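>>> Sequence first, predicted coordinates after that:
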Amino acid sequence: MAYKVLILNGSPRVNGCTARALEELIRTLNEEGVETELMQVGKENVRGCIACGYCHTHEGCVFHDKVDEAAKLFEEADGLVIGSPVYYGSPNGTLLSFLDRLFYSSGFSKHMKVGAAVVSCRRGGNTASFDVLNKYFTISGMPVVSSTYWNQVHGFSAADVEKDLEGLQTMRNLGRNMAFLIKAIGAAKEKEGLPRVEQGSFTSFPDGK
């Protein structure tokens, strides 16, 4: 059975630190028999969600841009990797706008698709950014892949990342773990089906009590 992972590079630098980390991950996934598709989103002209409700009555977002393309690939994929540099202790703003619309406007189930976040920075802010990205997975029923450290690399340039041997090792271990989890879920799905999802309750306290 063929498995595929969509990889989003949220850095505006195509060959920067984030790209170097993702390159190590992609190579490992491919070695483990998992196909990958890389999409560059860091330099896209993407605006955030405007809460218009268009996606509630139509297919997709009211804004037709690269988010539409990503949604189709995401629906077909078994896993999603989100990579980002750290800006002021948070992921790239363009990427966050992209993700808000991608996850909210796409109506397909993301349940049991596997998710992994990858972040890069010069010194600090990695774990805070890592937490932000993981929340897209955990609200969507997507198992989050771990490694032998937080999924991060350090450096000011791609050449610096080459020296972060532990960071690159973390990417390789992440790739192996992700491939294993995707295959395990695929086997269980074929044998037993996916876990049942309850969706009847929606707590909003509209009466103010």
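In hand now; what should we look at?

>>> Quick check: Lys135 is in a helix.
Yes: judged by DSSP: H, G, I helix; E, B strand; the rest coil, Lys135 forms part of a helix.

>>> Return, as residue ranges, the portions of the chain with sub-threshold pLDDT.
For the chain, the stretches flagged by pLDDT under 70 are 208-209.

>>> For it, just list every one of the strands.
3-9, 34-40, 79-87, 90-91, 114-121, 152-154 (DSSP state E).

>>> center of the chain - which residue?
By CA atoms, centre = their mean, the mean C-alpha position of the chain lies nearest to Ile82, the distance being 3.1 Å.

>>> Contact partners for it?
Going by CB atoms under 8 Å, 6 or more residues apart in numbering, Ile82 touches 8, 10, 95, 99, 115-118, 133, 136. From N, CA and C alone the C-beta is placed, and that goes for glycine too.

>>> for those residues, which one is nearest Glu166?
Val118 (14.2 Å; CB to CB).

>>> The closest residue in space to that closest one that isn't next to it in sequence - how many residues pack around it?
Once flanking residues are discounted, Val118 sits nearest to Gly83: 4.2 Å by CB to CB, 6 or more residues apart in numbering. Close neighbours of Gly83, defined as other CB atoms under 10 Å, add up to 29.

>>> so Gly83 makes contact with Val5?
No: counting by CB atoms under 8 Å, Gly83 stays clear of Val5, with 11.9 Å between them.

>>> Could you point out the longest helix of the protein?
helix 165-192 (DSSP state H).

>>> quick one: the residue nearest to Val118 from Gly42, how far?
9 Å (CB to CB, to the nearest Å).

>>> where do the contact lists of the two overlap?
Common neighbours of Gly83 and Gly42 (CB under 8 Å, 6+ apart) are 9-11.

>>> Make a markdown table out of those and add neighbour count.
Output for those, formatted as a markdown table (neighbours: other CB atoms under 10 Å):
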| residue | neighbour count |
| --- | --- |
| Asn9 | 27 |
| Gly10 | 28 |
| Ser11 | 26 |
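
>>> Now tabulate the contacts of Ile82 in TSV and tack on distance to Ile182.
Below are these laid out as TSV (distance: CB to CB, whole Å):
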residue	distance to Ile182
Leu8	17
Gly10	22
Leu95	23
Leu99	20
Gly115	11
Ala116	10
Ala117	16
Val118	16
Leu133	18
Tyr136	18
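
>>> Relative to Leu22, which of the residues you listed is nearest.
Of these, the one sitting nearest to Leu22 (CB to CB) turns out to be Val118, at 6.2 Å.
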